[in-house]
Every structure is written in structure tokens, then in C-alpha cells.
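>>> Sequence and predicted structure are below.
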Amino acid sequence: MSDNNTLRIAFIIDRLNTYRMLASLIAEGLNRGHFIECWHMCSDKNKQGDKGHLYPSLDKARFNEEDHPNLTLRGFDSLTGLTEAIATRNDVSHIVAMEPAETVASAMHLNQCRSSWCVIMYGQDTFRNLPAIQDKELSNTLQTIFYAYTPHLFDFGMKYVKHQAPKAAAYLNAPNVSVRFIGNAMLDPIVHNLDKVAIRKKYGIPTGKNIALYLPYGYLPAKNYKKSRSWQSAFSALHIKRIAEKAYKKDGFIIEPIARRLSKKMSLMIKVLRDPLARKWIFNGWHEPAVVDSVRQFCDKNDLFLVVKPRRKFDFSEAVYQKADLLIGDEEAQYYPSMMQELLSVSSIGISFFSWAVLEFVYQGVPIINIECMDDRQENPDKKYWHSTSEGFIYNSKGNVWNNTVPSFLKTFHKLDLQDFKIDQEQRTQYFKNFLGNPKHSAAELFYDDIEGSK
């Protein structure tokens, strides 16, 4: 690309897992010869809480300056420094983030900004978090481009936003805001060319052994719904023995002291016994230990190697540790490709609980079973909207995503053969159209075709 067409683009990295969505865009920009800056939010505040392990220190950046002369990594130790850069860096043509500009900087700073602001959709949370701008003063001068996956999913999200936050819906209809469709930036053709032999060696997966990839139920107590907490106790919490270390520079899982564990179990059991639904589930044995046991039987029957990949921020049942052939802790620091994408490249089938990872399974052509949860994703109307199991939605797509309730899963899954889960390519094409984007062009390609064309 000639110097006259070269752009300078800044990507805001507020946590390490931001690279999950933005890495493919950064790589494509560097390949096209653009100047790329990664602005890391390195404030001490980001080291705190359950997401401290995602602190975006510069030494953990996905790309390094030595390999990419057009790349600049810059750390900001406060939001003030970042907003000043947004307002004053007139040499930056585009600022790319996962949130609207109004949630990052004040209208005063944004009215000084000469860059175009690019919002990259990152799943349902993009729409569920839009109400955060309800009380913000919106900029009417900042040119904003909202990059969504597909028209179908965008329309679905906007129905939610219009109901929950009319002002946020108006934001997307403002004259200075445009909407473009590029697909899911997390999904990139790089995953189709991974070295499967090297991946098996990296993770210790036996040569020639097909694997089942199990994503355990992630236990995080529902905040406002007592019935959900009771169900969670019966299905998961009563069966947890170790808890994840989530703080900055912490690693792995620890086993809670037995006295604390017993005290917690007594408290959880009281919740279960007081709730009719939770009682029914615990007395019928409808819990995650039974689910993973069924998965184990299915793997033994079909000669599959059972790989479990939990997320660091969630705790999960002890039976998962006991039944897995291999448990891979994901620090959420590896992207492009991610651990998930590497594991999917050697997977024959997957099992998960209402996880948007189903998009990755379908993209990589791996059949996936979705198991319904009776937590706040059913009790909370907002979450329920995004966790529909209607035929044709994300979690229930013929020949690609097999939806199950826990009781039906426990009754049948261990009896089935791997051949019972064959991909329906025609339905997969429709799934791409509705939820993933253009199968012939990556989101990164379409993103740069768009901003280069508008220069």
C-alpha cells in the first residue's frame, strides 16, 4: 500500500481478552502496511477483582514491536491519559474499541477527537451493555462506525435495546453513526490452517485419537434471583471442591479448607431443600457430576479422548476433574489462534452450557451439544431473551447445534454414536448468514476494505 493510503489506527486494549476480538484486525492491518497502535489500559484498578488475571501488561501483548516495525505498544496508567490521547491524537485516523466512545471519554473530549470511532461487536454483551450510555451526553460530531456480525443478529439485538434502553437505540440511529456488517472478528481463516500434529503434541493429546471437548458449567452465583441460586446449588455448587485463583499474577485452582467447604455445603443444602425445583433436581440426580459421567460413557463407547477446557473466572464440579482425560486451564492470554481454536481443530464433538462458543464450533465445522440451564438465563427476562432455544437460533440449529435439557441428555447421550452428529452443510450455510457472516471473506478483510474505501 502506498504511503498516501496508509492509515494510523489505534486499538484500545482494556483487558487481555480484548485481543480475542481485535487480534485478527490488528494482524490484517499490519499485513496491509498500516501503522497500528495498541493502547493498553494499564491502571492498577485493572489488577483488582475476579478479572485481575486479565490485566493487559505490555509484556503480554499479542504482537511485539520487534516483529512488526509498524506497531507501537503504549500503556496508559489512567483513564485520564487515554482520554487525552483520544482528544489530541489527530494523526490517528481510526480508534477501534469494543464499546461506544461515550463510555470511555466525555463529550468534551470526543468533540475534539478527529478520528473515526469503530465499535466492534463482541456478541450479546454488545447490546446488553449499550444501556450504559443512557445517562451519557452523546457526541453529535464524532464519526462512529458500528461493526456488527450480520443484519439478522443486529436486528435481534436492536429489538432488545429498543425495549430496554430507547436512548441507546437512538444512538445507533444518529446521523453521525453508521452500521456496517463484517461478520465476527474473533473468527478468522487462520484456524483452517493450524498444524494439528503440533497441537496434539502441545496439549498431550494422543496421535490419531479423536477428542470430545467439554466446556463445564461455569458456576457464578446469580445476583438477583434466589430461585436461580438454589438451582445452581443443586446442579453445581454442592459439587465444587476447588476454586479458581482469579487475581492478578495468580494461577490455577486451590482446594478450599474442609471446614469452610462443609460450612458452605450446609448453607447451600438449606437453599436447595427450601426450593421445590432445586429439590426435584437434587433428588433426581440431575447435576453436573451426572452430566460429565454421561459424557465419559459416550467417550468410552466411541473411543474419544475427553478434553475439558474451563474458563478461569468460573468454578466447576469436582467430578469434571475426575472424569477428564485432560484438563486444560485457559489463562485467556493466548489469541490468534486461541486455545479454544487450537482444540477445535482436533475435535470431533463438543458439549457446553449456553455458551457463545457454539459460534466457534459451527465456524470450525464441529458438532456441538448445547445443554439448557435453569439458572438466571431462564429466570431473568433480559438474559432469557438472549438464550432462546427456538429452532434456528444460536443454541438450536438442525445438524449443527443439538439442544438438550439436562434430563433428556442424561437419558440418551451415553447411548449414542458419534455418527449420530453429522453436520448439515445446508443448515450451516444458513447459520453463517444469520449469525457468523460471510464465509468467503474474513471480518478483518471486510473491515479494512471498508475503512480504506472511506479514506
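Looks like it came in fine.

>>> Just the CA trace of the helix of greatest length in the chain, in PDB.
If each helix of the chain is counted by residues according to DSSP state H, the longest one is helix 258-274. Only the C-alpha atoms of helix 258-274 are listed here, as PDB (Å, rounded to 0.1, in the frame of the first residue of the first chain):
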ATOM      1  CA  ILE A 258     -12.600 -28.800  54.600                       C
ATOM      2  CA  ALA A 259     -14.200 -26.800  57.500                       C
ATOM      3  CA  ARG A 260     -15.100 -23.900  55.100                       C
ATOM      4  CA  ARG A 261     -16.300 -26.400  52.500                       C
ATOM      5  CA  LEU A 262     -18.600 -28.200  54.900                       C
ATOM      6  CA  SER A 263     -20.000 -25.000  56.200                       C
ATOM      7  CA  LYS A 264     -20.700 -23.800  52.700                       C
ATOM      8  CA  LYS A 265     -22.300 -27.100  51.700                       C
ATOM      9  CA  MET A 266     -24.700 -26.900  54.700                       C
ATOM     10  CA  SER A 267     -25.700 -23.400  53.700                       C
ATOM     11  CA  LEU A 268     -26.200 -24.500  50.100                       C
ATOM     12  CA  MET A 269     -28.200 -27.600  51.000                       C
ATOM     13  CA  ILE A 270     -30.600 -25.400  53.100                       C
ATOM     14  CA  LYS A 271     -31.200 -23.300  49.900                       C
ATOM     15  CA  VAL A 272     -31.800 -26.500  47.900                       C
ATOM     16  CA  LEU A 273     -34.200 -28.000  50.400                       C
ATOM     17  CA  ARG A 274     -36.300 -24.900  50.600                       C
END
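
>>> Can you give me the buried ones in that helix?
By neighbour count with 16 or more other C-beta atoms under 10 Å, helix 258-274 contains the buried residues 268-269, 271-272. All C-beta spots, glycine's among them, are computed from the backbone N, C-alpha and C.

>>> Can you list the residue ranges for strands in the stretch 251-400 of the chain?
Per DSSP state E, counting those that start in this stretch, the stretch 251-400 of the chain carries strands over the ranges 253-255, 305-308, 326-327, 347-352, 368-371.

>>> Please report how far residue 177 lies from residue 444.
22 Å (C-beta to C-beta, to the nearest Å).

>>> Who has more neighbours out of the two?
Using other C-beta atoms under 10 Å, the more surrounded residue of residue 177 and residue 444 is residue 444, with 25 against 20.

>>> did I read that right, the more buried one in a strand?
No. Counting by DSSP: H, G, I helix; E, B strand; the rest coil, one finds residue 444 to be helix, located in no strand.

>>> Find me the pLDDT at it, would you?
As predicted, residue 444 sits at a pLDDT of 98.

>>> Which residues are in contact with it?
For residue 444, the contacting residues are 24-25, 27-28, 185, 188, by C-beta atoms under 8 Å, 6 or more residues apart in numbering.

>>> Let's see which of the residues you listed end up in helices.
Among the contacts of residue 444, DSSP H puts 24-25, 27-28 in helices.

>>> Report the two of those separated the most.
For the ones in helices among the contacts of residue 444, the maximum inter-member distance is 7.4 Å, found between 25 and 27 (C-beta to C-beta).

>>> Can you lay out the contacts of residue 444 as a markdown table showing neighbour count?
Listed next are the contacts of residue 444 as a markdown table, based on neighbours: other C-beta atoms under 10 Å:
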| residue | neighbour count |
| --- | --- |
| 24 | 25 |
| 25 | 26 |
| 27 | 18 |
| 28 | 20 |
| 185 | 26 |
| 188 | 22 |
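
>>> Closest to residue 306 out of those?
residue 188 (27.3 Å).

>>> That closest one: what's it in contact with?
Applying C-beta under 8 Å, 6+ apart, the residues near residue 188 are 24, 336, 442-444.

>>> Dump those to CSV, plus distance to residue 391.
What follows is the contacts of residue 188, written out as CSV (distance: C-beta to C-beta, whole Å):
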residue, distance to residue 391
24, 31
336, 33
442, 29
443, 27
444, 32
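
>>> Quick check: the farthest pair among these?
Based on C-beta to C-beta, the longest span within the contacts of residue 188 runs between 336 and 443 and measures 12.5 Å.

>>> which neighbours do these two share?
Residues touching both residue 336 and residue 443 (C-beta under 8 Å, 6+ apart) are 24, 188.
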